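Student: give me coordinates for this.
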Amino acid sequence: MKKFMTNLVLLLFLSSLSRINAQEENYDAVYLSLKKEYTLNPDGTVDFRYSKALKLQNYRSINRLYGETFVVYNPDYQDLVIEQAYTIMADGKKVITPSNAFNEVLPHFAAHAPAFNKLREMVITHTGLEIGATIFIDYRIHSDKNFAPAFMGSSMLAEEQPVKSMTVVIRVPESQPVFFHLFNASLKPTETSENGFRVYTWTTNDIPAMETEKLQPHPAYMYPSLIFSTAGNYQALVDFFTNQEAFRYQTDPVMDGFVAGPESENQKKAEQAFTIQESVVKEINLFEVPEELTGYRLRTPVEVWNSNGGTVAEKALLMSALLKKAGIPANPALLFPASQFDANIGNLSTIEEWAVRTEIPSRGIVFLSVKQVNAYDMQTQEPGGVFMVLNEDKTIQLVTPEKDQAGLSMKGVFVIDTAMNLSGDLSGILSGPAIPFLALSRNEDKLKHYLRGTIESAKLSAISFSGLAGGEASFTCTLSKPGALKKDSDMYYFGIPCFSTGINNWDIGQLTAQRPIPVQLPSPVKESYNITISLPEEMKLFSGPQEIRIDNKAGSFLFLVKANGNVIQIQKELVIDNRDIETRDYPVLKELLDYWSLWQTNNLIFRR
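Tutor: Here you go, the predicted structure:
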């Protein structure tokens, strides 16, 4: 019987090879089958079982991508069992993975993190690899009943390589309710009974590979994504968090001494808040340990402070505790992708980030990062996310950032003298996600860090801001820069001034001629520049007057250069009203962005 089953597996494997079409052969590998099983046992323990058959199609897949399988687990609460591991070579020969191919190591993210040195990563080195070989791996992770606050998880029904057949199974005792939501698909599970369990099974075939393009939506917005949980809402999970000792936000005398300082003036409070954030970000090590590996258990702020390091969640609690001690309102906040969030399904497995919601005097409510001294309020950079603020009274507050338009407007009047020194007046307006609000709140002189073109690194003086605490900030200043123009023979090059916080921050580079998926821009945008330059008598515009006007379905573009004697006037503007661009409209969007990025629309040439 055993021999019959082995021959049957080989027969099914060989028959599946014939179904791989030419398109799939262009990829590094193909999943012939992929299965994920989540089981809640009657005693409260949890089993996760993962199995795959992956055909390797080039040397990159062997040497760089799939020659090893990595399984991370927490041996304090979990047991790892390797059910099967073998390779079927191109000629059908079966190679069993030898015992010395299984090696436990410390996960890289737990290095230099003593509190997490018990975590383990099983490195499975596959043998018998060649082009056309297929890896078979089947393992199970068994978790204690008290490891996680709920039976929950998530699964994307797509991979970076094509998948011939994918199955996701959720298995719970018949008396146990379970809640699930499949996003971006109408696929319904089959429901069966099996030995006292209710079993939900999703099966899908011939899944194309996930695309990797610039300016694409989060994968959870594009591909089927399943979340599930035995928690019907988030309150029980919030209670699990807030009942932990860490959420008492206690500090010790050393921490108290750190935050001690003036508490009366608003400006002092703002400076104190920024100082606390900078210290937590730069002086407390960040351990990128996923919360699911710790069972969502967090160490106290005092423990994190004294060990000089913590996870992103622990650093969020530490920052909150220090801000609270300074008399500044603060609460940790979880960030979820909106496309994987359902308020009626309590699921922590899709947490993308932790932040700190605080209220800074004269600056209002902002979300601070614990990973970097963020220049932008995190709300303006996460229009596709949901912030869940954990209040001290154990309630939650959901914040869904608006998809505001980025507005950038600059007006400059400059004089260039015979020594190529540049001086003049600059004014501008920034709005929405284009405002580096927190950076400018710390120091208005940081404006110079966001200027590009010939005025980059110019000396700014008499800087005046208004409306910085609102959604729109305007400024005026004077600037000067010696030897501003680049020289090549008798030619001089002038980079048209611009901000780095708008389209130039999108890293659009060279866009492909065709695109198979929609575009999701960071935000809608209206960016415009109006520059006047007065040249010395002996200098003329060599690149000549120009006029480019484009008005299409994606937006509009204007580039205008006029010469009136030795006075040069420049207008440059791009307007894109929609953040999400359908595939059919990609060519017209590309036309706008290509013209925006051209060297000729970003530089002028003068000749003496």
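Student: give the contact list for the residue lying closest to Gly384 once chain neighbours are set aside.
Tutor: Of all residues not flanking Gly384 in the chain, Ala338 sits nearest, at 5.4 Å (CB to CB, 6 or more residues apart in numbering). No exception for glycine: its C-beta is placed from N, CA and C like everyone else's. Applying CB atoms under 8 Å, 6 or more residues apart in numbering to Ala338 gives the contacts 384-386, 400.
Student: what do you get for Trp506?
Tutor: Applying CB under 8 Å, 6+ apart to Trp506 gives the contacts 215, 521-522.
Student: what do you get for Gln569?
Tutor: 530-533, 560-563.
Student: still on that earlier bit, can I get the contacts of Ala338 in TSV including distance to Val281?
Tutor: Shown next, in TSV, are the contacts of Ala338 (distance: CB to CB, whole Å):
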residue	distance to Val281
Gly384	24
Gly385	20
Val386	24
Thr400	26
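Student: show the buried residues in those.
Tutor: Listed as buried from the contacts of Ala338 are 384-386; burial here means 16 or more other CB atoms under 10 Å.
Student: picking that back up, can I get the contacts of Gln569 in a markdown table with neighbour count and secondary structure?
Tutor: Shown next, in a markdown table, are those (neighbours: other CB atoms under 10 Å; DSSP: H, G, I helix; E, B strand; the rest coil):
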| residue | neighbour count | secondary structure |
| --- | --- | --- |
| Asn530 | 16 | strand |
| Ile531 | 25 | strand |
| Thr532 | 17 | strand |
| Ile533 | 25 | strand |
| Leu560 | 15 | strand |
| Val561 | 21 | strand |
| Lys562 | 14 | strand |
| Ala563 | 16 | strand |
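Student: tell me the two of the residues you listed that are most distant?
Tutor: Farthest pair in the contacts of Gln569 (CB to CB) is Asn530 and Ala563. Separation: 15.6 Å.
Student: for stretch 103-114, buried residues please.
Tutor: Neighbour-count burial for stretch 103-114 [16+ other CB under 10 Å]: 107, 109-110, 113.
Student: so for the contacts of Trp506, which is the shakiest by pLDDT?
Tutor: On pLDDT alone, Leu215 ranks lowest of the contacts of Trp506, at 87.
Student: mind listing the residues bridging to the spatially closest residue to it that is not a sequence neighbour?
Tutor: In space, and not counting its chain neighbours, Leu215 is closest to Val519: 5.0 Å by CB to CB, 6+ apart. Beta bridges link Val519 to Ile581 when assigned by DSSP bridges.
Student: if I look at Val519, how far off is Ser597?
Tutor: Going from Val519 to Ser597 by CB to CB, to the nearest Å gives 15 Å.
Student: Asp239 now?
Tutor: Distance from Asp239 to Ser597, by CB to CB: 51 Å.
Student: for the protein, name the helix or strand with the lowest mean pLDDT.
Tutor: Ranked by mean pLDDT, DSSP states H and E, the helix or strand of the chain with the weakest confidence is helix 2-17, at a mean of 39.
Student: which stretches in the protein count as helices?
Tutor: Secondary structure of the chain (DSSP state H): helices located at 2-17, 59-60, 219-222, 235-242, 253-259, 266-283, 301-307, 312-325, 378-381, 437-442, 586-597.
Student: nearest to Ser143, of these?
Tutor: Checking the helices of the chain against Ser143 by CB to CB gives helix 235-242 as the closest, at 15.5 Å.
Student: what's the mean pLDDT across the closest one?
Tutor: If you average the pLDDT over helix 235-242, you get 94.
Student: with only the CA atoms kept, save that helix in PDB.
Tutor: Coordinates of each C-alpha in helix 235-242 appear next as PDB, following Å, rounded to 0.1, in the frame of the first residue of the first chain:
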ATOM      1  CA  GLN A 235     -12.500  44.500  22.700                       C
ATOM      2  CA  ALA A 236     -11.300  41.100  24.100                       C
ATOM      3  CA  LEU A 237      -7.900  41.600  22.400                       C
ATOM      4  CA  VAL A 238      -7.600  45.100  23.700                       C
ATOM      5  CA  ASP A 239      -8.400  43.800  27.200                       C
ATOM      6  CA  PHE A 240      -5.600  41.300  26.800                       C
ATOM      7  CA  PHE A 241      -3.200  44.100  26.000                       C
ATOM      8  CA  THR A 242      -4.300  46.600  28.600                       C
END
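Student: which elements pack onto it?
Tutor: strand 385-390 (3 or more CB pairs under 8 Å, 6 or more residues apart in numbering; DSSP states H and E).
Student: how about Asp377, what does it touch?
Tutor: 366-367, 437-438.
Student: roughly how far does it sit from Val46?
Tutor: Distance from Asp377 to Val46, by CB to CB: 38 Å.
Student: and if you look at Ser528?
Tutor: Distance, Ser528 to Val46, by CB to CB: 56 Å.
Student: can you give me every residue that contacts Ile284?
Tutor: Going by CB under 8 Å, 6+ apart, Ile284 touches 304-305, 308-310, 315, 318.
Student: same deal with Thr87?
Tutor: Thr87 sits next to 94-95, 97, 126-129, 133-136 when contact means CB under 8 Å, 6+ apart.
Student: the same query, at a cut-off of 6 Å, please.
Tutor: 95, 126, 128, 133, 135 (CB atoms under 6 Å, 6 or more residues apart in numbering).
Student: dump these into CSV; add distance to Phe247 as well.
Tutor: Shown next, in CSV, are these (distance: CB to CB, whole Å):
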residue, distance to Phe247
Val95, 51
His126, 44
Gly128, 51
Ala133, 50
Ile135, 44
